[in-house]
Every structure is written in C-alpha cells, then in structure tokens.
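In: Just to be clear, the model below is a prediction. Sequence and coordinates:
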Amino acid sequence: MGQKSPLPPHPAYQEPCHPAQPSRPLQKKMSPCRPFFVSLQRQQHNDIMTIGLCMGQFCPLHQGHLDLIMRAKKENDRCIVAVLGGEGADPRFPHPRRTQLVREFFMSDPHVQVIGLEPTAVGSDGSPTPSGLRTALDQVSRLADRPSASITTYTATPAHVEPLRQAGGRPLLVPQEQALQSAQIRRNPLPYWQKIAAPFRPYLTRNLLVLGTASEGKTTLVNDVARYFGLPTAVEWGRVYMEQHSLRDPDLTVDDFVEFLTGQVRLCQQAIRQASQGIMLSDTDNLTTLMYAKAYAEDGRMRLTPQDYAEVLYPLARSLSGQIQWDRIFLLQPGGTYVDDGLRFMGQSSMDQRQANHRKLLGLLHDFGLDDRVVLLQGGRYLQNFQTLKTYIHDLLDQ
C-alpha cells in the first residue's frame with residue numbers, strides 16, 4: 001500500500017499570527033486547601049485582609065462558642081481561634097489538651113486556625129489579662145504576615161470589650177444566641193451533650209462500673225441495663241482473650257494478665273467514644289483483674305507468682321488507672337449461686353473463696369482511692385439490682 005497523504009487542515013483552522021512568539025506561561029492554580037499560613041498572603045497586595053479573632057478557654061468547646069466562631073469565619077477572610085492559657089477551670093482540661101482538642105475539631109476547616117496562648121494570657125478569674133490580649137493580637141498579626149490586616153475580636157462578654165480596646169484591639173460585642181455556660185456544662189454535661197464539641201465528650205462521659213466476684217450476675221445486669229437505655233458497654237476482655245486463645249485459668253502467665261490489663265483499658269476507651277448519650281457501662285475493670293491475679297498468685301496450682309503480681313501487674317494497673325475515671329461503682333457482694341458455665345475456674349467457686357476475693361476487691365478499691373464512689377449491691381437479687389441501676393441512670397438523664 002502507498003503512503004497516506006496528510007489530511008488537509010480543518011477549514012476553521014488558522015495559522016497563529018506570531019508563530020515565533022513564545023506562549024504565555026500558565027498561571028499557577030491556587031489550591032483551596034493550601035496551608036493556613038500561606039493562604040493568608042493575599043495575591044493582590046493592595047487588598048486588606050480581614051481576620052476574625054475569637055478567644056476563650058473553651059473548657060469545653062460548645063455551640064455557644066461555635067456561634068461566635070462561625071460568625072467570625074463568615075464575616076471575614078479568615079478566623080483565628082486563640083485558646084487562652086492557664087490551668088483552666090477543670091483538671092481534665094489542661095491548656096495543651098484544650099488546644100489539641102480545639103485543633104482536632106477544626107482540623108478539616110481551612111478557614112480556621114487554632115493557636116494556644118501562653119499561661120499568662122488569663123488571670124486567676126479566667127478573664128484575659130491585658131498582656132495576654134496584646135500577645136494574642138501580636139500573634140495574629142504575625143500569622144497574617146500583613147501589618148495592614150484588619151483584625152476584629154469577637155466576644156459575647158461585655159466585660160471584655162474595654163480591656164480589648166485598651167490592648168489595641170477592635171472588639172465586636174455579639175449577643176449570645178444560646179445561654180450556655182461552660183461551668184454548668186462541666187457540672188452536669190448530659191442535658192447539653194449534643195451541644196458539646198465531639199472531641200471533648202470522652203472527658204465528660206459518665207462512666208459506670210459494675211464489679212464483683214465470679215458468677216454474681218455482673219454481665220447479665222450490665223447487658224440488661226445497656227439494652228434498656230441503649231448504652232455502650234465494655235465487656236470483660238480477659239474472658240474474650242481466653243476464649244480466643246483456648247486458655248484455662250491454670251494456664252495463665254504474667255504475660256496473659258498484662259494483656260488483660262491493657263486490653264481492658266482499650267475496650268473501656270472504645271465504649272466511652274461510643275457514648276452517644278454521655279453514659280457508658282462496664283462489667284469489669286482492672287481491679288477485677290488484679291483481684292484474680294492476687295488470688296492466683298497465692299494459689300500453688302497456678303503459674304502466676306507473688307513476684308509477678310507485686311513487681312509487674314500491680315504497678316502496671318496503677319499506671320493505667322488514670323486513663324479511665326469511674327463516676328460510680330456498683331459492687332456486687334457474694335450471694336448468688338455459682339454457675340459452672342464450662343469456662344469459670346471452679347477452684348474459686350466456694351463461698352469462702354468468693355468472700356476472700358470480695359475482701360481483696362474492697363482492699364483494692366481503698367488502695368486506688370475509690371471508696372467514696374461505691375454503691376453496694378447484693379449478689380443474687382437480680383431484679384432489685386436492675387432497678388437500682390435503672391433508677392440511677394434515669395436520674396442522670398432527667399437532671
């Protein structure tokens with residue numbers, strides 16, 4: 001076959017007027033998700049950037065704060081949220097944690113930047129100090145990298161207006177849309193649960209624990225109450241672990257008990273994160289694990305030794321104890337019929353042994369400073385115990 005001749009040009013095609021002239025370089029496209037520090041630099045240098053500044057302790061961050069922040073964001077080119085330093089009003093929320101949680105909340109918002117101010121930013125009453133206000137304004141100016149940026153400080157507190165003016169700021173007093181007080185939320189968070197920013201909720205959850213020796217009805221009680229109210233639960237990780245690995249009590253080593261302790265904390269934390277109503281239930285805790293570890297360390301039929309308990313397990317449980325805060329502990333006293341379900345170690349089944357383990361549990365509660373949170377329940381009184389927990393949770397939710 002012969003060589004194909006080239007196609008004629010399309011009738012609409014025209015030669016460029018200046019074929020030798022280089023084409024204009026393409027403008028670099030601006031990404032909408034550029035880092036905040038870069039996006040603050042305006043392309044047109046004669047434009048004045050507007051910044052809305054919102055300051056507070058945010059202990060916790062709630063919708064009252066968000067009303068202010070969203071307005072500042074919508075009315076300006078950017079919004080900066082300044083988390084005031086100091087110890088804060090609650091030991092659960094030190095300054096670094098509050099800053100981290102507020103950043104987490106706005107993590108996917110390219111128009112909001114969160115900064116943490118130095119501890120001197122607030123006085124003993126929690127109000128911003130003049131030096132703290134000047135520090136905030138200076139930091140915002142540096143972030144903007146534009147001396148001409150127009151910064152408006154949004155506040156819902158009339159008493160903050162004049163100090164802001166004295167610090168060289170331009171305050172805007174915004175009426176509150178919702179009458180929310182952080183101190184009131186901290187005291188009783190459940191009525192305001194949906195108004196609290198999600199990253200703060202795990203630190204405000206009401207955590208309820210049911211403790212007791214074996215076969216007292218803990219798991220059934222917790223499951224029934226959880227179904228009744230639709231609450232998340234933390235199951236006994238030790239039992240799950242033993243079933244997964246086909247272990248019996250005499251087989252357990254110190255390494256297995258280490259896994260019990262660390263795994264139970266993980267399960268409790270997971271249940272706390274799932275607490276959509278602000279309440280979580282658990283049918284065991286590391287004190288229960290320690291109770292069994294101590295009993296097994298004293299039992300010559302077991303592989304666990306007193307040294308394992310004293311040098312490994314007890315110190316580990318101590319180090320983990322601060323990760324879960326129990327608001328109320330319902331302690332079942334021995335009294336129910338011991339049920340052989342094929343999984344329990346029958347060497348711990350006698351009433352004498354159950355009473356001895358119960359005393360160990362009471363001693364651990366005292367050692368860990370939890371005596372004042374204990375409500376005693378009688379093992380075997382299943383309906384009465386259910387009613388007790390049901391009434392307690394109703395009272396929490398109805399406050």
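Out: Received, thanks.
In: burial count for E259?
Out: 16 (other C-beta atoms under 10 Å). C-betas here are computed from N, CA, C, even on glycine.
In: from what I can see, N223 looks like it's in a helix, true?
Out: Yes - counting by DSSP: H, G, I helix; E, B strand; the rest coil, N223 is part of a helix.
In: Tell me where the model's unsure across the stretch 101-250 of the chain.
Out: Residue ranges of the stretch 101-250 of the chain with pLDDT under 70: 119-128, 144-148.
In: now the helices for it?
Out: Taking DSSP state H, counting those that start in this stretch to define them, one finds helices in the stretch 101-250 of the chain at 130-144, 161-166, 182-187, 218-229, 237-244.
In: Could you point out which of those sits nearest K74?
Out: For those, proximity to K74 was assessed by C-beta to C-beta; helix 130-144 is nearest, at 18.0 Å.
In: what helices or strands is the closest one leaning on?
Out: Counting by 3 or more C-beta pairs under 8 Å, 6 or more residues apart in numbering; DSSP states H and E, the packing neighbours recorded for helix 130-144 are strand 50-56, strand 78-83, strand 112-116, strand 150-155, helix 161-166.
In: Please convert those to TSV, extending it with distance to L396 and mean neighbour count.
Out: Putting the helices and strands packed on helix 130-144 into TSV (distance: least, C-beta to C-beta, whole Å; neighbours: other C-beta atoms under 10 Å) gives the following:
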stretch	distance to L396	mean neighbour count
strand 50-56	28	24
strand 78-83	30	26
strand 112-116	32	21
strand 150-155	34	20
helix 161-166	38	15
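In: Save those as JSON lines, and put in distance to R248 too.
Out: Below are those laid out as JSON lines (distance: least, C-beta to C-beta, whole Å):
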{"stretch": "strand 50-56", "distance to R248": "56"}
{"stretch": "strand 78-83", "distance to R248": "52"}
{"stretch": "strand 112-116", "distance to R248": "52"}
{"stretch": "strand 150-155", "distance to R248": "63"}
{"stretch": "helix 161-166", "distance to R248": "68"}
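In: didn't E118 look like it was pressed against L84?
Out: No - taking C-beta atoms under 8 Å as the definition, E118 is not a contact partner of L84, at 9.3 Å.
In: Overlap in contacts, those two.
Out: G132 (C-beta atoms under 8 Å, 6 or more residues apart in numbering).
In: returning to what we had before: and of the helices and strands packed on helix 130-144, who's closest to F229?
Out: In terms of C-beta to C-beta, the element of those nearest to F229 is strand 50-56, at 33.3 Å.
In: following that closest one, which helix or strand shows up next?
Out: Once strand 50-56 ends, the next helix or strand along the chain (criterion: DSSP states H and E) is helix 63-75.
In: Counting neighbours, go ahead and name the busier of E118 and L84.
Out: L84 (27 against 15).
In: any idea how far the more buried one is from T135?
Out: Per C-beta to C-beta, to the nearest Å, L84 is found 10 Å from T135.
In: Save the helices of the stretch 101-250 of the chain as CSV, and put in distance to C79 too.
Out: Shown next, in CSV, are those (distance: least, C-beta to C-beta, whole Å):
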stretch, distance to C79
helix 130-144, 10
helix 161-166, 16
helix 182-187, 20
helix 218-229, 38
helix 237-244, 43
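In: and V375, which of the ones you listed is closest to it?
Out: Minimum separation from V375 across these (C-beta to C-beta) falls at helix 218-229, 12.6 Å.
In: CA atoms only: put that closest one into PDB for me.
Out: C-alpha atoms of helix 218-229 as PDB (Å, rounded to 0.1, in the frame of the first residue of the first chain):
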ATOM      1  CA  LYS A 218     -22.500  -8.700  86.600                       C
ATOM      2  CA  THR A 219     -22.600  -9.400  82.800                       C
ATOM      3  CA  THR A 220     -26.300 -10.000  82.700                       C
ATOM      4  CA  LEU A 221     -27.000  -6.900  84.800                       C
ATOM      5  CA  VAL A 222     -24.900  -4.700  82.600                       C
ATOM      6  CA  ASN A 223     -26.300  -6.100  79.400                       C
ATOM      7  CA  ASP A 224     -29.900  -5.700  80.500                       C
ATOM      8  CA  VAL A 225     -29.400  -2.100  81.600                       C
ATOM      9  CA  ALA A 226     -27.500  -1.300  78.400                       C
ATOM     10  CA  ARG A 227     -30.300  -2.700  76.300                       C
ATOM     11  CA  TYR A 228     -32.900  -0.800  78.300                       C
ATOM     12  CA  PHE A 229     -31.200   2.600  77.700                       C
END
